[in-house]
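Peer 1: My questions concern the predicted model and sequence given below.
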Amino acid sequence: VTTTTHVTDLYPTRGATEVATPRQDPVVWGSPDTPGPVTASDLQSLERDGFLAVDQLIGPDEVAEYRRELERLTSDPAIRADERSIVEPQSKEIRSVFEVHRISEVFARLVRDERVVGRARQILGSDVYVHQSRINVKPGFGASGFYWHSDFETWHAEDGLPNMRPNMRTVSVSIALTENHDTNGGLMIMPGSHRHFLGCSGETPRDNYKKSLQMQDAGTPSDEALTQLADAHGIKLFTGKPGSATWFDCNCMHGPATTITPYPRSNVFIVFNSVENTAVEPFAAPIRRPDFIGARDFTPVK
């Protein structure tokens, strides 16, 4: 078993105090002439801002197919009883279903779609595997959000995304299956916040994932740090039609808001990690999270 005993942590977190560390890794790992669906100018924007919006990644017919599959999964009692399903605390409805590319062949095909995995390969400059996948269902009227956070902070602390070599080599895509209004709890990102890693204070409770998947606590920044980041970088709210997508770097400070409007929001969320960046042991947690949250199968997507 690989361990981190003799590894110096390049991105320390969950200690006595918050620590801001300059990023030591690129965002775009492929060369400018690497073939793929992302243009050179868009790759430059991704490197600069930490995110890239695509107006239409998939078409209306495909959106309809994925919505039908989402509804099938979330209405299935067996899926609801599965530990990979997360239930909304207030409504008791399914909020997320993890490892959806293994549960559903429909979503497995989406992961393998060149418009999706091809972008991931081009950005990360290598073959990729799925570190995490899920469908998210946010109903109207009171669906809760998540507090501001960096995904990499959690994946490094609790999943063991490594730092024995340059390791911020993970990219996420959120594909909208419903309209993303500016009022229904859309994704917010601080542009440029990915250039520094904010190590958070506090310890990670054992089995923290059981709580954090409903409401994150461990690994969240202080209000003071968030205010400084927002003042420095601003906040971008993503809106768009069904079929639009947002690609974003693993270290972006981001969060989806709570909504009190009647309008629901659903999306597919896929995290691609480089096969040259596979996970080791957690850096700031007593045990790994389950494989359905942080994969230990590093088989490249083909």
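Peer 2: Ah, there it is.
Peer 1: what's the helix or strand for residue 133?
Peer 2: Using DSSP states H and E, residue 133 falls within strand 128-138.
Peer 1: Would you mind writing the CA trace of that strand as CSV?
Peer 2: What follows is strand 128-138, C-alpha atoms only, in CSV (Å, rounded to 0.1, in the frame of the first residue of the first chain):
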residue,chain,number,x,y,z
VAL,A,128,-8.0,10.4,-17.5
TYR,A,129,-10.1,8.4,-15.2
VAL,A,130,-13.3,9.4,-13.3
HIS,A,131,-12.4,10.4,-9.7
GLN,A,132,-16.1,11.1,-9.0
SER,A,133,-19.4,11.3,-10.9
ARG,A,134,-22.9,12.2,-9.7
ILE,A,135,-26.3,13.6,-10.7
ASN,A,136,-27.6,16.5,-8.6
VAL,A,137,-31.2,17.4,-8.2
LYS,A,138,-32.0,20.7,-6.6
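Peer 1: Quickly run through the sheet partners of it, with directions.
Peer 2: Note on strand 128-138: by DSSP bridges, its sheet partners are strand 94-98 (antiparallel), strand 265-274 (antiparallel).
Peer 1: Following the chain past the worst-scoring helix or strand of the chain on mean pLDDT, name the next helix or strand.
Peer 2: Comparing helices and strands within the chain by mean pLDDT, DSSP states H and E singles out helix 209-212 as the least confident, with a mean of 75. Next in sequence after helix 209-212, counting helices and strands by DSSP H and E, comes helix 223-233.
Peer 1: So for that following helix, what gets flagged as buried?
Peer 2: Residues of helix 223-233 classed as buried by neighbour count (16 or more other CB atoms under 10 Å): 225-226, 229, 233. Heads up, the C-betas are built off the backbone N, CA and C, glycines and all.
Peer 1: Quickly run through the sheet partners of the next helix or strand after that helix, with directions.
Peer 2: Secondary structure here is assigned by DSSP H and E; on that basis, the next helix or strand after helix 223-233 toward the C-terminus is strand 236-237. Strand 236-237 has its sheet partners listed here by DSSP bridges as strand 187-189 (antiparallel).
Peer 1: returning to what we had before: please identify the deepest-packed of the strands paired with strand 128-138.
Peer 2: Mean neighbour count, computed with mean count of other CB atoms under 10 Å, is highest for strand 265-274 among the strands paired with strand 128-138, reaching a mean of 24.
Peer 1: from the chain's centre, how far out does that strand sit?
Peer 2: Relative to the mean C-alpha coordinate of its chain, strand 265-274 is positioned 6 Å out (CA atoms, centre = their mean, to the nearest Å).
Peer 1: mind checking which of the strands paired with strand 128-138 is nearest residue 80?
Peer 2: Closest of those to residue 80 is strand 94-98, at 6.0 Å (criterion: CB to CB).
Peer 1: Give me the contacts around the helix or strand following that closest one.
Peer 2: Remark: after strand 94-98, the chain's next helix or strand is helix 100-103, criterion DSSP H and E. Surrounding helix 100-103, the residues in contact under the criterion CB atoms under 8 Å, 6 or more residues apart in numbering are 73, 79, 82, 84, 97, 107-108, 110-111, 130, 133-135, 268, 270, 292.
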